[in-house]
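>>> Next input, structure requested:
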Amino acid sequence: MKNSTPKFTNLPSWDLSDLYVSPDSVEIEKDFKWLEKSIKNFKFKYEGRLKTLTGNSFLKCIIEHENIEKKIGRIMSFSSLRYYQKTDDPSRVKFLADNQDKLTAMTGDLVFFSLEFNKISDNKLNRMIRNNIKLSNYSSAFRRM
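Take a look at the predicted model:
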């Protein structure tokens, strides 16, 4: 009886080096340290204060939040895509799970942001957007939030 499981050879592989050169790259550790510090600073600066921010300070807050999200996205994109290249590799499974765990623990400190953002009145948000053209670039994101 022949084995009915197809043999795959020469499968495509993504070049993930634009994200990180390897899973043990020092850049990943640097990014985790940056995230830890940035998230703590963000929480310290903005928790309990979103409703009181002016347009310019709100724009600064949004840019800081965006930079944090970009770094999280970079780490998770690398971890996930690397895992999807070879889902049966235990080291890749562990790498993805470990990074998810670290980021979940860190990002708990960002929960306040969406809760407080949703308490900003539409009138105030629209006024800030009208008075700060750069904030208008985020209008579609604000609507989704």
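>>> What are the buried residues along stretch 130-145?
For stretch 130-145, burial by neighbour count (16 or more other CB atoms under 10 Å) applies to 132, 135, 138, 142. The C-beta positions use only the backbone N, C-alpha and C, and glycine is treated the same way.
>>> At which residues are the helices of this protein located?
26-46, 55-85, 90-107, 111-117, 122-131, 133-136, 139-144 (DSSP state H).
>>> Name the stretch among those that sits most buried.
Mean neighbours per residue, mean count of other CB atoms under 10 Å, is largest over those for helix 55-85, with a mean of 16.
>>> What helices and strands are in contact with it?
helix 26-46, helix 90-107, helix 122-131, helix 133-136 (3 or more CB pairs under 8 Å, 6 or more residues apart in numbering; DSSP states H and E).
>>> Which of the buried residues of stretch 130-145 sits closest to Ile39?
Checking those against Ile39 by CB to CB gives Tyr138 as the nearest, at 19.8 Å.
>>> Correct me if wrong: that closest one contacts Ile62.
Yes. Tyr138 is in contact with Ile62 according to CB atoms under 8 Å; the separation is 5.7 Å.
>>> pLDDT on stretch 99-110, on average?
Rounded to a whole number, the mean pLDDT of stretch 99-110 is 97.
>>> Any idea how far that stretch is from the middle of the chain?
Distance, stretch centre to chain centre, for stretch 99-110: 10 Å (CA atoms, centre = their mean, to the nearest Å).
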